[in-house]
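Colleague: sequence first, predicted model second:
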Amino acid sequence: MAYRDFDLKMAIQKFALFEIRDTGVFADVAPREPSAFLRVWLDTFAPVVLGANSEKARSEFIVAPMPAETKLQVGASVNALSGVTFEVDKGKGWPAFATS
């Protein structure tokens with residue numbers, strides 16, 4: 001089973017979990033302004049990528065720059081990784097993480 005086929009609803013049912021949505025986990029995190037580089041990058045590539053309607057292109061040109069920007073702003077406490085495949089372990093019914 002692919003990770004995309006394993007959703008929160010399935011996990012809640014399978015493992016008798018419950019969901020708490022109003023936690024305020026990021027309440028104390030101050031917003032950050034994107035760098036000039038990220039602004040130029042998104043201004044340049046987002047219109048092209050959105051017009052192409054390709055999930056791979058959106059991932060590479062819109063999504064991937066976000067954790068990279070975070071790494072640049074925050075430093076060593078954050079890692080930006082690409083190429084990580086998340087697959088559900090069929091035997092255990094829980095996500096197993098593997099690199100591709």
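Modeller: Structure's in. What do you need?

Colleague: helix or strand with the lowest mean pLDDT in the protein?
Modeller: Within the chain, no helix or strand scores below strand 94-99, which has a mean of 52 by mean pLDDT, DSSP states H and E.

Colleague: go ahead and flag the most central residue of the chain.
Modeller: By Cα atoms, centre = their mean, the chain has its centre lying nearest to Val63, at 7.4 Å.

Colleague: Gln73 and Arg39: what is the separation?
Modeller: 13 Å (Cβ to Cβ, to the nearest Å). Using the backbone N, CA and C atoms, a C-beta is placed for each residue, glycine as well.

Colleague: quick one: the strands in this protein, in order.
Modeller: 84-89, 94-99 (DSSP state E).

Colleague: number of nearby residues for Ala30?
Modeller: Neighbour count of Ala30, defined by other Cβ atoms under 10 Å: 5.

Colleague: Ala64 too?
Modeller: Ala64: 14 neighbours (other Cβ under 10 Å).

Colleague: show the backbone phi and psi for it.
Modeller: Note on Ala64: backbone dihedrals following degrees, to the nearest 10 are phi -60, psi -40.
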